[in-house]
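[1] Here is my input, please return the structure:
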Amino acid sequence: MMESLASQICSHISAIFSKPTLPHPPPLDLLITELTTVSSQNGRVFLYGVGREGLMLKALCMRLAHLGLSSHFVFDMTTPPITTNDLLIVSAGPGGFSTVDAISSVARSHGARVLLITAQPETGSCVKHASAICYVPAQTMADDGGAVESRPLLPMGSVYEGALFVLFEMVVYKLGEVLGESPEAVRSRHTNLE
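    Numbering: from 1, shown residues only. Below you'll find the model as predicted:
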């Protein structure tokens with residue numbers, strides 16, 4: 001039972017990455033390009049998302065730090081100011097959240113690039129602030145159908161959030177290759193205050 005359920009969930013999330021994203025570039029390629037560019041310019045990466053999306057972005061923030069990038073989650077006490085060489089990565093699966101809109105607007109006003117990750121690239125309120133759009137064609141709360149008679153395998157935004165986790169693991173793997181980061185170097189940046 002447990003193996004079957006795990007397999008169904010993994011298959012459901014995996015299928016997201018076979019869906020076309022045109023006219024938007026493939027999400028993995030776009031994220032690698034943006035992160036490689038900011039790294040080559042000695043810029044910093046700022047990340048923000050709400051709810052479970054925010055948890056996925058916090059996980060990515062941690063791994064980017066392990067890869068040697070200066071990465072910061074918005075609202076952490078030690079978050080520095082954002083400037084022109086920096087990149088803000090935000091997620092708004094359903095297309096818009098007021099806090100994501102506001103933070104993206106502030107980042108743009110200070111000359112930073114804003115990479116929006118979303119499942120609603122055409123209709124969301126956050127699109128107007130984006131320098132680049134990373135389209136992840138997965139179900140979110142915006143299109144989960146609301147109350148239905150049968151329980152879905154992955155409710156509300158779980159498909160999108162699971163896809164973010166998998167996408168970010170692919171990013172970490174490929175970015176480590178591009179940046180030439182050895183497993184030893186990555187491990188050496190992990191905290192020892194645990």
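[2] my read: G43 touches L87, true?
    Yes: G43 lies in contact with L87 (C-beta atoms under 8 Å); the separation is 6.2 Å. Bear in mind the C-beta positions are built from the backbone N, C-alpha and C, glycine included.
[3] so who does the residue nearest the centre of the chain touch?
    Computing the C-alpha centroid of the chain and ranking residues by C-alpha atoms, centre = their mean puts L57 first, at 5.3 Å. For L57, the contacting residues are L47, Y48, G49, F73, I89, V90, S91, L164, by C-beta atoms under 8 Å, 6 or more residues apart in numbering.
[4] State the distance from the third one to L115.
    Spelled out, that is G49. 12 Å (C-beta to C-beta, to the nearest Å).
[5] Next, show the common contact partners of those two.
    Listed as contacting both G49 and L115 by C-beta under 8 Å, 6+ apart are V90.
[6] So which of G43 and L87 has more stuff around it?
    Neighbour tally, G43 and L87, criterion other C-beta atoms under 10 Å: the higher count belongs to L87, 25 against 20.
[7] tell me, how many neighbours does Q8 end up with?
    So Q8, with other C-beta under 10 Å, has 12 neighbours.
[8] List the buried residues of the host helix or strand of it.
    Here Q8, judged by DSSP states H and E, is contained in helix 2-15. Residues H12, I13 are the ones in helix 2-15 that count as buried (16 or more other C-beta atoms under 10 Å).
[9] Quick check: mean pLDDT of it?
    The predicted model assigns helix 2-15 a mean pLDDT of 94.
[10] For that helix, which helices and strands make contact with it?
    helix 158-179 (3 or more C-beta pairs under 8 Å, 6 or more residues apart in numbering; DSSP states H and E).
[11] Now the element after the helix it packs on, going C-ward?
    That would be, after helix 158-179 and using DSSP H and E, helix 183-188.
[12] Got the phi and psi for I133?
    In terms of degrees, to the nearest 10, the main-chain angles of I133 are phi -120, psi 120.
[13] Contacts only, for it.
    If you count contacts by C-beta under 8 Å, 6+ apart, I133 has them with H24, L115, L116, T118, P121, V127.
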